[in-house]
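*Asks:* let me see the structure of the following:
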Amino acid sequence: MLDTPDVATRLDAMRARHNALPHLARLGALFSETVLLEIDDAEFYLHFDNGRLAEIQPGPSRKTPWRFAFRSDGDALDAFWQVHPVPGFHDVFGLVKIGRGRIEGDILCLVKNLRFFKEFMALGRPDIAK
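*Replies:* Numbering: from 1, shown residues only. Here you go, the predicted structure:
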């Protein structure tokens, strides 16, 4: 099960991997929004600026506005971040479909940037290209 320090460490690693992938910057070039990532009771505000993850702000905060939120439990996200996730845990919408994730807020913003967000979230998986 993931706990808050594990998630914070994983998000920092995801930011480093994200910054090393120019195709993600191109995919998210028009994406400058704040996304709420809630895992169990821990909240993280991901501030994207033109396709780059500018800041990871730990929560909770009732003053930080966000465009859309992805909420899940730690066990489900841990299964999602496996090298080869099992069906249902392979995709953010798969988590929603099996009842282990929720998406709230501006769905249109998410859909417009869906590939970018999905690829960003998949950066939490171990890099098997080594």
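*Asks:* and Leu46, which of the three is it?
*Replies:* When classified by DSSP: H, G, I helix; E, B strand; the rest coil, Leu46 comes out as strand.
*Asks:* tally up the residues packed near it, please.
*Replies:* Leu46 sits with 21 neighbouring residues when counted by other Cβ atoms under 10 Å. For glycine as for every other residue, the C-beta is placed from the backbone atoms N, C-alpha and C.
*Asks:* from Phe68, how far off is it?
*Replies:* Noted for Leu46: a distance of 11 Å to Phe68, by Cβ to Cβ, to the nearest Å.
*Asks:* pLDDT weak spots in the chain?
*Replies:* Along the chain, segments meeting pLDDT under 70 span 1-5, 128-130.
*Asks:* which parts of it are helices?
*Replies:* Along the chain, the segments classed as helices by DSSP state H run 4-19, 22-27, 74-80, 92-97, 107-112, 114-122.
*Asks:* and the first one, what does it pack onto?
*Replies:* Packed against helix 4-19, as judged by 3 or more Cβ pairs under 8 Å, 6 or more residues apart in numbering; DSSP states H and E, are the following elements: strand 42-49, strand 52-58.
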